[in-house]
Structures are given as structure tokens and as C-alpha cells.
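Novice: Dropping the sequence and predicted coords here.
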Amino acid sequence: MNQKDNFFNINNLKKGIQRELGKGLKTSIFCGEHAMISIVEIEPNSEGKIHSHPQEQWGILLEGSGIRIQGGEKINIEKGDFWLTPGNIEHGIIA
């Protein structure tokens, strides 16, 4: 694999897997062998579906605030927060 294939830009997410997570939530997903990152755009008053996947996932909140649900626990999140979601843990976001 060419190393350039492993570089992406936050301002051009078209290389990712595009998905709608719920009304007002869309994501671009970038998967590796053991981890993934999901760049999510969240409109105000949106609620994502609780889900899980086998890969670890890192998330970072670039703007706004919301509630992160992970493993049944609700955690308030704000701009600048980032977190690790272990594989196979149910999670989602409420904005």
C-alpha cells in the first residue's frame, strides 16, 4: 500500500464511507485493521441510533456540545472533548 493512501483531510471527507446515522446526523467513516474514526456532522436537536461495531473508534467533538452514550452511561461532551470507544460497546450521541 502506498503511504499516501493513509492520509486524509478533514475538509474533504469523500474518501470515507458515507452513512446517515439518523435524522440530522451524517458521517464519513475511515477504517483501519484495528481502529476506525468517524467524522460526524450533527444538526441541533438530533439523536443518533445506539449501535456497536468490532473496531475501536476514536471520536472528537470539533464544535458544539451534546451527550455521548457509551456502555449505557450518559456523558456530557463539549467542543474539544475526545474519547475512545472500545470495540463491541454500544454507543451513540444526542445533540
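Specialist: All right, it came through fine.
Novice: how about the residue nearest the centre of the chain, what does it touch?
Specialist: By Cα atoms, centre = their mean, the chain has its centre lying nearest to S38, at 3.5 Å. By Cβ atoms under 8 Å, 6 or more residues apart in numbering, the contact set of S38 is 27-30, 57, 59. Every residue, glycine included, has its C-beta placed from N, CA and C.
Novice: Which among those residues count as buried?
Specialist: Neighbour counting over those (16 or more other Cβ atoms under 10 Å) leaves 27-29, 57, 59 as the buried ones.
Novice: want to throw those into TSV with secondary structure, pLDDT and distance to P44?
Specialist: Formatted as TSV, the buried ones among the contacts of S38 follow (DSSP: H, G, I helix; E, B strand; the rest coil; pLDDT from 0 to 100; distance: Cβ to Cβ, whole Å):
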residue	secondary structure	pLDDT	distance to P44
T27	strand	87	17
S28	strand	91	20
I29	strand	90	22
Q57	strand	89	23
G59	strand	86	18
